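1. I'll drop the sequence and a predicted model, then ask my questions.
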Amino acid sequence: MTAKTLQIQAMTYQVSSPSEYMNAIPEERRETMEKLRETILENIPDGFEETVGYGMMGWAVPHKLYPPGYHCNPKDPLPFVGLASQKNFIALYHMGIYAMPELLDWFVSEFPKHSKSKLDMGKSCIRFKKTSDIPYDLIAQLMRKVSVEEWVEVYETNLKTGKK
């Protein structure tokens, strides 16, 4: 398998801005991705900045608010949310769900009230195979749950206790 083939399967886009990312994804996904992006932008607390990293769009704590950056690569801002158009699904990555058990419990219990589909998720990744099943209202609520200050505190606490 060539690197190019692998890249297509992983749906990695070589872009440098959110608008470039939106233009790079398949046209049939753009409307849904724009709606998700707008939902996040309208509801994520002040301080998080829209970025592109790890082959997807994201929202992170900028260096001006958290100078140490991400421990895996301090040159990167501290990631919080990612949004990606993958080959077979749209993925929403929410690091708060991964790091905050009470937030995960809340989300898992609320999901069936907002979507007819079965919840498909990993540690921080929520996968949407059918765009019609995306619970925009629930995602809006999720975005409002954690402030920049809370996220930095949770992140630093987890670093100190060895949870990464």
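-> That came through fine. Numbering: from 1, shown residues only.
2. most centrally placed residue in this structure?
-> Residue closest to the mean C-alpha point of the chain, counted by Cα atoms, centre = their mean, is Gly82 at 2.3 Å.
3. any idea which helix or strand comes after the lengthiest strand in the chain?
-> Longest strand of the chain, by residue count under DSSP state E: strand 78-85. Of the helices and strands lying after strand 78-85 in sequence (DSSP states H and E), the nearest is strand 90-94.
4. any regions of this protein where pLDDT drops low?
-> 1-12, 163-164 (pLDDT under 70).
5. so which residues of it form helices?
-> 3-10, 18-24, 27-43, 95-99, 101-114, 136-144, 148-161 (DSSP state H).
6. quick one, which of those is packed in tightest?
-> helix 95-99 (a mean of 21; mean count of other Cβ atoms under 10 Å). C-beta coordinates here come from the backbone N, C-alpha and C atoms, glycine included.
7. list the helices and strands that one packs on?
-> strand 78-85, helix 101-114, helix 148-161 (3 or more Cβ pairs under 8 Å, 6 or more residues apart in numbering; DSSP states H and E).
8. done for today, thanks.
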